[in-house]
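> structure here, sequence nowhere to be found:
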């Protein structure tokens, strides 16, 4: 479909690259290095900076990138465009054993000044005995053989730059370190090679925390065990007139307030309802969210409710007047079709 961005089978390219001998050589050099330098031009300058920050956070290595435009223009002013990255690499590796270093350039360009600047820096580093590598969208035919090319075979700038960033995370992972999940409770970022077992204070989990980990909730979904989802219409709000005039006209369903109060002692109660979808029309000048919150407040529910959402929330249980408990498809079809 023409309206979908072409990312050139990114998954397949990623797998094929990390299986190459060139990438495996890079991984080995990365594992051994204490000092790692990433650099590129244009978008890849940003990729290099991002990658360097995360690699420094997540590993025991000293990883740097040029980063600042002020730095680049200052060095260019002192030298020239073609030599500025070479000068930066020379500055950052002074007094360091070349065998403890690694340099990695990133390039989308097939030729031109930008590509030549990266090539000059990598070839200079290689001459100093520093293991030198390049992520490149296409093979560079004018690059010295002492610099190992990891060729992406990409057509688009965006694919090459995204792939370069992903490959730096593979280097982190391949060196025995963890890339964290998207979760405020992500507890372990490094493998035992760093000597850090947990970010929990003193490395000791409480009984509740140990229970939590043993439940094996998928990373990023930890609040699933803490929440219970309660439908609004037909469960706590009497919806016997259907949409009617769009207001929350119904009375409290008997027993629902006491039940929500009881549930809130163990769970964070999340109310879910299509009434709060942002595309719903205003009713008497109010959004659906305002109407629902007013009803919850008026009828005493609000102190026991964590939030209200239009989406299906992550939860341990769902209480819904239209739900069918799934056991198997035969039973489900019988229940619906009877």
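Nice, I can see it. Keep in mind it's a predicted model, so treat the numbers as computed, not measured.

> quick one, what contacts residue 271?
Residue 271 is in contact with 229-232, 236, 292, 296, 301, 305, 307-309, counting by Cβ atoms under 8 Å, 6 or more residues apart in numbering. All C-beta spots, glycine's among them, are computed from the backbone N, C-alpha and C.

> tell me which of those residues fall in strands.
229-231, 307-309 (DSSP state E).

> now for the residues you listed: which two are most distant?
Spatially, the most separated pair among the ones in strands among the contacts of residue 271 is 231 and 307, at 14.3 Å (Cβ to Cβ).

> tell me which of the two has more neighbours.
When residue 231 and residue 307 are compared for neighbours, residue 231 comes out ahead with 19 against 11, by other Cβ atoms under 10 Å.

> what about the residue nearest to that one when sequence neighbours are not counted, how many residues nearby?
Setting aside the residues directly before and after it, residue 231 is nearest to residue 320 in space (Cβ to Cβ, 6 or more residues apart in numbering), at 4.2 Å. Residue 320 has 15 neighbouring residues, counting by other Cβ under 10 Å.

> so residue 320 makes contact with residue 236?
No - between residue 320 and residue 236 there is no contact under Cβ atoms under 8 Å: 11.2 Å.

> picking up where we left off before, check contacts around the residue nearest to residue 231.
229, 231, 234-235.

> got a PyMOL select line for the buried ones in these?
Selection command for PyMOL covering only the buried members of the contacts of residue 320, criterion 16 or more other Cβ atoms under 10 Å:
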select buried, resi 229+231+235
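
> with distance to residue 22 added, can I get the contacts of residue 320 in JSON lines?
JSON lines is the format used below for these (distance: Cβ to Cβ, whole Å):
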{"residue": "229", "distance to residue 22": "49"}
{"residue": "231", "distance to residue 22": "55"}
{"residue": "234", "distance to residue 22": "61"}
{"residue": "235", "distance to residue 22": "59"}
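
> which two in the contacts of residue 320 are spaced the farthest apart?
Most distant of those, by Cβ to Cβ, are 229 and 234, 13.9 Å apart.

> what is the burial count for the nearest residue to residue 274 once chain neighbours are set aside?
Of all residues not flanking residue 274 in the chain, residue 310 sits nearest, at 6.0 Å (Cβ to Cβ, 6+ apart). Counted with other Cβ under 10 Å, the neighbours of residue 310 add up to 17.

> what about stretch 78-85, how long is it end to end?
12 Å (Cα to Cα, to the nearest Å).

> which of the residues in that stretch are buried?
In stretch 78-85, counting by 16+ other Cβ under 10 Å, buried: 83-85.

> pLDDT on that stretch, on average?
Average pLDDT, stretch 78-85: 88.

> and the contacts of it?
39, 66, 72, 75-76, 87, 105, 113, 116-118, 120-121.

> for the residue nearest to residue 274, give me its contacts.
272-278.

> check residue 163 too.
Residue 163 sits next to 10, 13-14, 17, 135, 152, 154 when contact means Cβ under 8 Å, 6+ apart.

> in those, which residue is surrounded by the most others?
Most surrounded of the contacts of residue 163: other Cβ under 10 Å gives residue 135, at 28 neighbours.
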